[in-house]
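Chemist: Fold the following.
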Amino acid sequence: MYENVEILDCTLRDGGHVNGFEFGEDVIKEIILNIVNSHVEIIEVGFLMNVEYNPNKSQYNTIDQVNRVLAPISSKQKYSLMIRPDWYDIGKLTASENISIIRFAFYEKDLSLAIQQAKIARDLGYSVFLNPVNVLGYSKSNLKILLEKINQFGPYGVSIVDTFGGMQLDNFVEIHGQFENELEENIILGVHLHENLSLSFAIAQKFIEIRSPNRKIVIDTSLNGMGRIPGNLCTELMSSYINTPFIKYNMQPIFKVINELIIPIKRQMPWGYSPEYAISALEKIHRSYPEYMKENLNLDLNLIEKISKLISIKGFGNNFSETVVNECLAEVVKDGK
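Modeler: Okay, here's the model as predicted:
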């Protein structure tokens with residue numbers, strides 16, 4: 001029933017937004033080992049970035065640094081890394097005997113750069129995924145152009161990425177339909193979801209339900225939903241769901257690593273549903289807006305909702321700006337809205 005459905009655990013990459021990627025060297029290896037033992041198909045071990053390497057962090061400057069982490073664990077496991085084209089000098093990329101997949105996350109304006117870098121990665125032997133940021137923000141015509149260019153390049157896979165967490169079931173069905181109809185059949189289709197509206201599990205189930213029988217799909221998850229507030233789709237939920245009616249994943253190492261390593265992080269740096277992030281998702285604006293309004297300005301929910309709505313109306317939602325927040329706050333207060 002789920003032969004063409006795979007899970008990609010991105011705890012060490014997306015979860016790193018919670019703790020500044022500083023899991024600790026031993027914890028990084030223990031997380032990877034337990035996910036390997038769970039039989040989750042793909043493990044994303046972090047970011048390739050222009051950073052000074054710290055073995056306690058899941059951020060890497062070179063492939064050699066990643067290889068040193070993975071070499072003692074398992075050569076049979078599929079591992080991935082993520083690159084933001086504007087955050088990494090692709091000239092440093094080399095071939096790897098451990099990493100098989102590199103995913104390129106990019107804003108609409110950086111599509112050409114992403115494809116250019118993805119070609120370099122593919123020439124080095126990597127399977128490449130393209131992850132366009134905030135697919136919900138594309139118009140139908142711009143999404144058509146995106147898919148045409150993706151088809152011309154022919155990547156291993158492409159993901160429907162709900163960056164701001166505003167995707168609802170009807171949005172997903174519509175966007176999925178366009179991807180399914182216009183994307184070449186041999187290209188894998190993935191999904192990356194956030195928990196702003198507590199809908200990631202429902203959307204993932206819908207993805208499995210309406211998927212094409214001829215296309216492999218990949219679902220991003222993280223342990224206990226670890227990710228920048230409000231978090232991601234939970235690995236333990238998705239793997240348990242797919243385990244019905246037959247056992248595909250070993251749940252014991254998943255629960256072990258959550259209990260021993262992830263929950264202690266969550267106690268210190270909580271994530272999960274928050275009404276501020278639900279507001280930003282519903283208004284389809286950048287998630288840094290509610291963070292700033294709550295943590296820096298100490299605004300209540302009513303003001304956050306009014307300012308978020310105004311930011312959306314003015315068309316400033318895609319990129320965070322303190323100036324925009326302060327101007328909209330002044331306007332709301334002045335008008336007594």
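
Chemist: Got phi/psi on residue 24?
Modeler: phi 100, psi 140 (degrees, to the nearest 10).

Chemist: Point to the residue nearest the middle of this structure.
Modeler: Central residue of the chain (C-alpha atoms, centre = their mean): residue 192, 4.8 Å from the mean position.

Chemist: wait, it sits on residue 129?
Modeler: No: applying C-beta atoms under 8 Å as the test, residue 192 and residue 129 come out as separate, 10.1 Å apart. No exception for glycine: its C-beta is placed from N, CA and C like everyone else's.

Chemist: list residues touching both of these two?
Modeler: Common contacts of residue 192 and residue 129, defined by C-beta atoms under 8 Å, 6 or more residues apart in numbering, comprise residue 159.

Chemist: about what we covered before: what's near enough to touch the residue nearest to the centre of the chain?
Modeler: 10, 14, 131, 159-162, 220, 232 are the contacts of residue 192 under C-beta under 8 Å, 6+ apart.

Chemist: same deal with residue 220?
Modeler: Per C-beta under 8 Å, 6+ apart, neighbours of residue 220: 8-10, 14, 159, 190-193, 232-233.

Chemist: Roughly how far does it sit from residue 75?
Modeler: Taking C-beta to C-beta, to the nearest Å as the measure, residue 220 falls 23 Å from residue 75.

Chemist: cool, residue 172 as well?
Modeler: Look at residue 172 and residue 75: by C-beta to C-beta, they are 36 Å apart.

Chemist: Which one's more surrounded, those two?
Modeler: Neighbours per residue (other C-beta atoms under 10 Å) separate residue 172 from residue 75, with residue 172 holding more: 23 against 9.

Chemist: wait, isn't the more buried one in contact with residue 208?
Modeler: No: using C-beta under 8 Å as the test, residue 172 is too far from residue 208 to be in contact (11.9 Å).

Chemist: ok, back up a step: bridging residues for the residue nearest to the centre of the chain?
Modeler: Residue 192 has these beta-bridge partners by DSSP bridges: residue 161.

Chemist: Quick check, pLDDT for it.
Modeler: Listed pLDDT for residue 192 reads 98.

Chemist: which stretches of this protein form strands?
Modeler: For the chain, the strands defined by DSSP state E cover 5-9, 42-48, 59-60, 78-83, 99-106, 127-132, 157-161, 188-192, 217-221.

Chemist: Which strands and helices lie in contact with the second one?
Modeler: The contact analysis (3 or more C-beta pairs under 8 Å, 6 or more residues apart in numbering; DSSP states H and E) places strand 42-48 against strand 5-9, helix 25-38, strand 59-60, helix 63-70, strand 78-83, strand 99-106.

Chemist: got it, and the first one?
Modeler: Here strand 5-9 touches strand 42-48, strand 217-221, helix 235-242, going by 3+ C-beta pairs under 8 Å, 6+ apart.
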